[in-house]
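Asker: A predicted structure for the sequence below; I have some questions about it.
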Amino acid sequence: MGTEVRFREVQRFRRPWARATLLVQAILALAGVVRGRRSGRAALKRLVGLGAVALVLRSVRLYTEVRPDGVYVKFAPLHRTFRRIPLADIEDVQATGYSPLRYGGWGIRWRPRALAYTASNASGVRLERSSGGSVFVGSDRPDELLAAIQTATDREV
């Protein structure tokens, strides 16, 4: 197992609309108390829930590493350890754009024979696996990620 890291990137979940949605929900909860439509206790519960969601969104990180034996991805705090895509399983790799409509949003997105890890970007690298499936890894530096994977796979062959 290779420990030399040839590429490393850490991305944060940056979605301004998510923060705006949480802020609007907090304002609505407080407005309900002011108008007398909601009790203070119910508003407090809602605000605590919104705060918890905000903290989770703030703590989300996408870690990507290229090592001599594979591409490693970890979507913290959901993954406790890295998920490895062995270089031997990668048939083709290409830098490409990301469409949230194709996968259904950001984060860890799954659909038959396709998996996507995205945090904040509209670009990344798609890895075509020899099993026929694909994995999209979002990146703010897709060209560097692509070059690191290509260099690693060239040395393997």
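Answerer: Nice, thanks for sending it over. All values reported here derive from a predicted model rather than from experimental measurement.
Asker: can you pull out the helices in the protein?
Answerer: 16-35, 40-59, 100-103, 142-156 (DSSP state H).
Asker: Wait, V5 touches V66, no?
Answerer: Yes: here V5 lies in contact with V66, judged by Cβ atoms under 8 Å, at a distance of 7.2 Å. Any C-beta I mention is one placed from the backbone N, CA and C, and that applies to glycine too.
Asker: low-confidence ranges in the protein?
Answerer: Within the chain, the ranges that satisfy pLDDT under 70 run 1-2, 14-24, 27-28, 30, 32-38, 55, 101, 103-104, 121, 155-157.
Asker: neighbour-wise, which of V5 and V66 wins?
Answerer: Neighbour totals were compared for V5 and V66, and V66 leads with 29 against 12 (other Cβ atoms under 10 Å).
Asker: OK, contacts around that one?
Answerer: V66 makes contacts with V5, R6, F7, Y72, L145, A148, I149, A152, as judged by Cβ atoms under 8 Å, 6 or more residues apart in numbering.
Asker: which non-adjacent residue is nearest the fifth one?
Answerer: On the basis of Cβ to Cβ, 6 or more residues apart in numbering, the spatially nearest residue to L145 that is not a chain neighbour turns out to be S139, at 4.7 Å.
Asker: Can you flag the buried ones in the contacts of V66?
Answerer: Taking 16 or more other Cβ atoms under 10 Å as the criterion, what is buried in the contacts of V66 is R6, F7, Y72, L145, A148, I149, A152.
Asker: Now distance to S123 too, for the residues you listed, in a markdown table please.
Answerer: Output for those, formatted as a markdown table (distance: Cβ to Cβ, whole Å):
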| residue | distance to S123 |
| --- | --- |
| R6 | 20 |
| F7 | 15 |
| Y72 | 19 |
| L145 | 10 |
| A148 | 15 |
| I149 | 15 |
| A152 | 20 |
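Asker: Nearest to S39 among the residues you listed?
Answerer: Of all those, Y72 has the smallest distance to S39: 48.4 Å, by Cβ to Cβ.
Asker: Let me know the closest of the buried ones among the contacts of V66 to Q94.
Answerer: Out of those, the member with the shortest distance to Q94 (by Cβ to Cβ) is I149, at 9.9 Å.
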